[in-house]
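Asks: Return atomic coordinates for the entry below.
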Amino acid sequence: MSTDTRAAICQLIEQTNQSIIGQAHVTQSMMIALLSGGHILLEGLPGTAKTRAAKILAEQLNMAFSRVQFTPDLLPSDVTGTQIYHQEQSKLTFQPGPIFSSMVLADEINRAPAKVQAALLEAMAEGTVTVAGETMSLPEPFLVIATQNPVEQEGTYPLPEAQMDRFMMKVNVDYPDRDSEMLIIDLVRQEELVVMDEEEDKGMDTGTLQQEQNELLAAAFEGGVEHVAAGKEAVKRIHTSQPIKQYIVDLVMATRFPHLYPDSNLEQWIDVGVSPRASIALDKCSRAHAWLAGRDYVTPDDVRTVVVSVLGHRITPSFDALSNSVSAEQIVDELLLNVPLS
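Replies: Residues are numbered from 1 along each chain as shown. As a prediction, this is how the structure comes out:
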């Protein structure tokens, strides 16, 4: 039985890794924490598939999953739950919070004040939640996956050492390498096409209510909604060649490793590069631009046209760039000047 169980779990990890490119150590660490009865803290920059990894693992395990976006105005009751008064019954009843799930993603845990952090960490340590003198047990198994950004510290409440110690593991999540970045673009494209094919097989006009809503919207916008929906499907079919995808990845990687371009100003101007979300967005926007131009394939000019809008707000400029009033457009232009098309 033990051998069969281990084989099943190892197979599950492999299946999860097929949807999480370049982060196999994250999937394995989450499973180790789950098997050990502990909790895990993932530290990494935005866009490194932390949320995606947690969601897919929960789906593979068929576990109840909830996500809490931690913010400075969050209250402990927003996590643990609260009592609600029902006037008809003239009594208080407990409304469970998102903590009552088998897998809880505490996104950007260091953005919430100490009271919220304490409420979450108490639930992690005790496996129970106490409200108005009533103690309720949390599900079993129970795993908290907390995330935090190691770079951005504005408006955050860093976890004290004693609270950090509550996490069984802390795992650093880095940006994927060049090959993994290419695979991420292909994976997202494949998932889009699979969803589109499934919708075509089911027939999108089978739902009476949805059909009526679409007809009303189409009448209101004179067919605009239908055209947009058809356009979105057409954009997913636009072809992106291997050299173009490589060009997209090279532009993204240049923001992360600007020192590889010593003859440019990139190293002086860029503090933190862009995430894999930028690769995906640049691929999608380039395809949409190509479709609007009447082509069924992407050209380098499509990429160059949208690259400022896609990468400009994602690049964290250095102090030198800010002090010299270097704009996002100038940084991206420097990228285009120094990153060749393979």
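Asks: Going by C-alpha atoms from here, please, whenever you check contacts or count neighbours.
Replies: OK.
Asks: longest helix in this protein, by residue count?
Replies: Scanning the chain for the helix with the most residues, using DSSP state H, yields helix 178-202.
Asks: which residues are contacting that helix?
Replies: 19, 21-22, 233, 236-237, 245-246, 249-250, 253, 276, 279-280, 283 (Cα atoms under 8 Å, 6 or more residues apart in numbering).
Asks: now with 10 Å?
Replies: Contacts to helix 178-202, defined as Cα atoms under 10 Å, 6 or more residues apart in numbering, come from residues 18-23, 175-176, 203-205, 233, 236-237, 240, 242, 245-246, 248-250, 252-253, 275-277, 279-284.
Asks: mind listing what the residue of the chain most remote from its centre touches?
Replies: Here the chain reaches farthest from its C-alpha mean at Ser90, the gap being 42.8 Å by Cα atoms, centre = their mean. Residues in contact with Ser90 (Cα under 10 Å, 6+ apart): none are found.
Asks: how close does it get to Thr130?
Replies: Distance, Ser90 to Thr130, using Cα to Cα, to the nearest Å: 22 Å.
Asks: again with Asp165
Replies: From Asp165 over to Thr130 (counting by Cα to Cα), the distance is 22 Å.
Asks: sorry, back to before: what separation do you get for the residue farthest from the centre of the chain and Ile84?
Replies: 11 Å.
Asks: mind showing which ranges of the stretch 51-200 of the chain have poor pLDDT?
Replies: Scanning the stretch 51-200 of the chain for pLDDT under 70 picks out 152-153, 155, 197-200.
Asks: Repeat the analysis, applying 80 as the threshold.
Replies: 83, 85-94, 122, 130-134, 150-157, 159-165, 194-200 (pLDDT under 80).
Asks: List the contacts of Asp73.
Replies: Here Asp73 is in contact with Arg111, Ala112, Pro113, Val116 (criterion: Cα under 10 Å, 6+ apart).
Asks: Can you say which of those are buried?
Replies: For the contacts of Asp73, a burial check counting by 16 or more other Cα atoms under 10 Å picks out Arg111, Ala112, Pro113, Val116.
Asks: What separation is there between the residue farthest from the centre of the chain and Met168?
Replies: Between Ser90 and Met168 the distance is 43 Å, computed by Cα to Cα.
Asks: what do you get for Ala290?
Replies: Taken as Cα to Cα, the span from Ala290 to Met168 is 48 Å.
Asks: Settle it for me: which of the two has more neighbours?
Replies: Using other Cα atoms under 10 Å, the more surrounded residue of Ala290 and Met168 is Ala290, with 22 against 15.
Asks: Are we agreed that the more buried one is in a strand?
Replies: No - applying DSSP: H, G, I helix; E, B strand; the rest coil, one finds Ala290 to be helix, outside a strand.
Asks: Contact partners for it?
Replies: Going by Cα under 10 Å, 6+ apart, the list of residues near Ala290 reads Val235, Ile238, His239, Thr240, Lys284, Asp296, Tyr297, Val298, Thr299, Asp301, Asp302, Val303.
Asks: count of residues packed around Gln95?
Replies: The burial count for Gln95: 13, using other Cα under 10 Å.
Asks: for it, what are its contacts?
Replies: Ser77, Thr80, Gly81, Thr82, Gln83, Ile84, Tyr85.
Asks: helix/strand/coil for the fifth one?
Replies: Put plainly, it is Gln83. strand.
Asks: doesn't Tyr157 make contact with Ala118?
Replies: No - with contact defined as Cα atoms under 10 Å, Ala118 does not reach Tyr157; the gap is 11.8 Å.
Asks: list residues touching both of those two?
Replies: Common neighbours of Ala118 and Tyr157 (Cα under 10 Å, 6+ apart) are Ala112.
Asks: tell me the average confidence for stretch 249-264?
Replies: Stretch 249-264 shows an average pLDDT of 93 in the prediction.
Asks: Let me see the ranges of the strands in this protein.
Replies: 40-44, 65-69, 81-86, 91-96, 103-107, 128-131, 134-137, 143-148, 169-173, 270-272, 316-317 (DSSP state E).
Asks: and the shortest one, which strands flank it?
Replies: Partner strands and pairing direction for strand 316-317 (DSSP bridges) are strand 270-272 (antiparallel).
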